[in-house]
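Novice: give me a 3D structure for the following:
(2 chains)
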Number of protein chains: 2
Amino acid sequence: MVDSSEFRNAMAMLGSAVTIVTTDGPAGRFGFTASAVCSVTDSPPTLLVCVNRASANHEHFKTNGVLCVNVLTGDHQATSGAFANRQLSMQERFSSVNCQTLVTGSPAIEEALVNLDCRVSKIDEVGTHSIFYCEILELKHSAATEGLVYFNRNYYRLNDQMRLAPDQ
Amino acid sequence: MVDSSEFRNAMAMLGSAVTIVTTDGPAGRFGFTASAVCSVTDSPPTLLVCVNRASANHEHFKTNGVLCVNVLTGDHQATSGAFANRQLSMQERFSSVNCQTLVTGSPAIEEALVNLDCRVSKIDEVGTHSIFYCEILELKHSAATEGLVYFNRNYYRLNDQMRLAPDQ
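Specialist: Next comes the predicted model:
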């Protein structure tokens, strides 16, 4: 059997982009840091987000039925920390970023690499988590090009100098 | 509406670990490069893999009902290319790596950062793709520590020199 601690140590080696997932609507405005975000299919354009059902966010996102995935840049380590910090109110979290809205009305962080504005099309449950399947209704790129990834419990900035040549 | 090309350009900005997903069983031995792999829950320890239903691999993985996710290291750009190359036979792909087997019998690549050996517990369909929910039955770490990520259509090696300090 693989226990919880072994699972977490292994998953730490699966590097991933860092995103802020936001929503606004009848339940209010919320946002949290997420790395369990994954591309699913281009027809219809769909991604998925895994959310712990024990988190306060879960019901708010389900009620609003819309969300925006904001993919963070290399400058956003502190933003990631703020939206992962349960001691901070939503107002405090959002005070560190500039937001606009796209078609769903969820906060689209202007400094993000890309905003993926979505309607939740299906929610599936597996163990402790819900998988939100989200159809992308609108997207917006910023001028930023540096990515941010979380790997082995550290942040890494992805810029051109770190890119591997094709034969490396 | 977000078209297929816009979707792909946006998803390219969502950096991700590079993995080789393998299987062996009644349908035979197969492996392909995948970046749409995501942690789901630690109870039971579960990850997911998105697979295009139009790919030849889809039915083989479904028939075998087991798979191993091999998370690649910074030295594995060529391995990623080999397992993504439809011109190469499975024998040719596997000739570039050393494999052992864990509990499911799927090829566990010895040079990988970590092998996540799984039983497929559920398959869900969304648009053109299937989502394989996989319970991790056994896992194994190697001595390697450098990760490999794919971002903005390039590979990046994650090593200690690129790690951000906590206040950056």
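
Novice: quick check: which element contains the closest residue to residue A:53 other than its chain neighbours?
Specialist: Among residues not flanking residue A:53 along the chain, residue A:130 sits closest, at 5.5 Å (CB to CB, 6 or more residues apart in numbering or on different chains). Bear in mind the C-beta positions are built from the backbone N, C-alpha and C, glycine included. Following DSSP states H and E, one finds residue A:130 within strand A:129-141.

Novice: list the buried residues for that strand?
Specialist: For strand A:129-141, a neighbour-count test (16 or more other CB atoms under 10 Å in any protein chain shown) marks A:129-140 as buried.

Novice: can you name the two of those residues that sit furthest apart?
Specialist: A:129 and A:140 (28.0 Å; CB to CB).

Novice: circling back to that earlier point, ok, the buried residues of strand A:129-141 vs residue A:76, which is closest?
Specialist: residue A:140 (16.4 Å).

Novice: in what helix or strand does the residue nearest to the closest one when sequence neighbours are not counted lie?
Specialist: Among residues not flanking residue A:140 along the chain, residue A:115 sits closest, at 4.6 Å (CB to CB, 6+ apart). Assessed by DSSP H and E, residue A:115 sits inside strand A:114-126.

Novice: may I have the beta-bridge partners of the residue nearest the centre of chain A?
Specialist: When CA atoms, centre = their mean is applied to chain A, the residue found nearest the centroid is residue A:19 (3.1 Å). Under the criterion DSSP bridges, residue A:19 forms beta bridges with residue A:34, residue A:71.

Novice: helices along chain A, start to end?
Specialist: Taking DSSP state H as the test, the helices found in chain A are A:4-11, A:56-64, A:77-83, A:90-94.

Novice: export those to a markdown table and append columns for mean pLDDT, distance to residue B:7 and mean neighbour count.
Specialist: As requested, the helices of chain A are exported to a markdown table (pLDDT from 0 to 100; distance: least, CB to CB, whole Å; neighbours: other CB atoms under 10 Å in any protein chain shown):
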| stretch | mean pLDDT | distance to residue B:7 | mean neighbour count |
| --- | --- | --- | --- |
| helix A:4-11 | 97 | 26 | 16 |
| helix A:56-64 | 96 | 22 | 17 |
| helix A:77-83 | 96 | 24 | 19 |
| helix A:90-94 | 98 | 27 | 15 |
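
Novice: can you list those helices in CSV and add distance to residue A:149?
Specialist: Converted to CSV, the helices of chain A look like this (distance: least, CB to CB, whole Å):
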stretch, distance to residue A:149
helix A:4-11, 14
helix A:56-64, 22
helix A:77-83, 11
helix A:90-94, 21
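
Novice: now those in a markdown table, with distance to chain B?
Specialist: Output for the helices of chain A, formatted as a markdown table (distance: least, CB to the nearest CB, whole Å):
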| stretch | distance to chain B |
| --- | --- |
| helix A:4-11 | 4 |
| helix A:56-64 | 13 |
| helix A:77-83 | 6 |
| helix A:90-94 | 19 |
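
Novice: which among these is found nearest to residue B:108?
Specialist: Between residue B:108 and these, the shortest gap by CB to CB is with helix A:4-11, which sits at 12.8 Å.
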